[in-house]
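Trainee: coords please:
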Amino acid sequence: MNKLQELPWDNPRFRNWIAAVRAEKAIVRELSKALAPLDLKIVQLDVLMNLYRHPGMSQHDLARRLLVGRSNITMLLPQLEAQGALRREADPKDRRVMRIFLTAEGEALLMRALEVYTALIDRVMAQSSAAECNSMGTVMQRIVDALKEE
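Mentor: Now for the predicted structure:
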């Protein structure tokens, strides 16, 4: 970049992108603090939410939904299993595939975590009208779509 080029922070797109990144970091920080008393990390909450919505999914499918590698899932699942939050079962049709299910304890933990999560979302999103929230969601989805891996 030379002196004749416009500096990026003078560009509204850049400035607003930075604002969005800072907001995301602030939300992650607050959610991490709020989940700590439950001995739960955000990525673990993501696992629990996905298993609640899609019981019996494979480790491969879970990794794909969370946009992480299978090795990350392989490291995460034993922690949640040790907490009694989930169980893995071999697929009866293909013994190479492990199916993952929430336990009753895992579902109870998820419900407590969702109370924390939704309270934070309500607090944050109360800064915007319903129309602004919908608009924000539309814009964020367009960003996700633009950055999706083929």
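Trainee: packing partners of the lengthiest helix in the chain?
Mentor: If each helix of the chain is counted by residues according to DSSP state H, the longest one is helix 12-35. Helices and strands in packing contact with helix 12-35 are listed as helix 42-53, helix 104-125; criterion 3 or more C-beta pairs under 8 Å, 6 or more residues apart in numbering; DSSP states H and E. Heads up, the C-betas are built off the backbone N, CA and C, glycines and all.
Trainee: with respect to burial, which of these scores highest?
Mentor: Mean neighbour count, computed with mean count of other C-beta atoms under 10 Å, is highest for helix 42-53 among the helices and strands packed on helix 12-35, reaching a mean of 18.
Trainee: which strands and helices lie in contact with it?
Mentor: So helix 42-53, by 3+ C-beta pairs under 8 Å, 6+ apart, packs with helix 12-35, helix 59-66, helix 70-82, strand 86-90, strand 98-102, helix 104-125.
Trainee: how far off centre is that helix?
Mentor: Counting by C-alpha atoms, centre = their mean, to the nearest Å, helix 42-53 is centred 8 Å from the centre of its parent chain.
Trainee: any residues touching it, and which ones?
Mentor: Among residues not part of helix 42-53, those counted as contacts by C-beta atoms under 8 Å, 6 or more residues apart in numbering are 28, 31-32, 35, 40, 57, 62, 65-66, 68, 72-73, 76-77, 79-80, 85-86, 100-102, 106-107, 109-110, 113-114, 117.
Trainee: just the buried residues of these.
Mentor: Restricting these to buried positions leaves 31, 35, 40, 57, 62, 65-66, 68, 73, 76-77, 80, 85-86, 100, 102, 106-107, 109-110, 113, 117, with burial counted as 16 or more other C-beta atoms under 10 Å.
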